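Undergrad: Just to be clear, the model below is a prediction. Sequence and coordinates:
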Amino acid sequence: MKNGEGYPDPTASKAIHEADKLPRHIMDVVHTLKLVAGMVGLRIKSVELEDRKSGKRYWYGR
């Protein structure tokens, strides 16, 4: 990522990358779903999960 003047901006790049990461507990669920699906010959391309308590939604594979 580059700043407005065209110079590399590693701080902004790192912040955006970290913000796009799914929380570890969500990735654990996605990984488990993919493993189980693979055992029966299926492939999961995208997943949407919603936290019942907070209502926050997480997407994987879009």
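TA: The structure has been received and is ready for your questions.
Undergrad: make it CA atoms for all contacts and neighbour counts henceforth
TA: Noted.
Undergrad: average pLDDT across the helix or strand hosting T11?
TA: Element membership for T11 (DSSP states H and E) is helix 10-20. Helix 10-20 carries an average pLDDT of 75.
Undergrad: chain center to it: distance?
TA: 14 Å (C-alpha atoms, centre = their mean, to the nearest Å).
Undergrad: give the contact list for the residue positioned nearest the centre of the chain.
TA: The residue lying closest to the centre of the chain (C-alpha atoms, centre = their mean) is L22, at 3.9 Å. L22 is in contact with Y58, counting by C-alpha atoms under 8 Å, 6 or more residues apart in numbering.
Undergrad: before we move on, what about I44?
TA: Taking C-alpha under 8 Å, 6+ apart, one finds L33, K34, A37 in contact with I44.
Undergrad: Sort out for me which of the residues you listed are in helices.
TA: L33, K34, A37 (DSSP state H).
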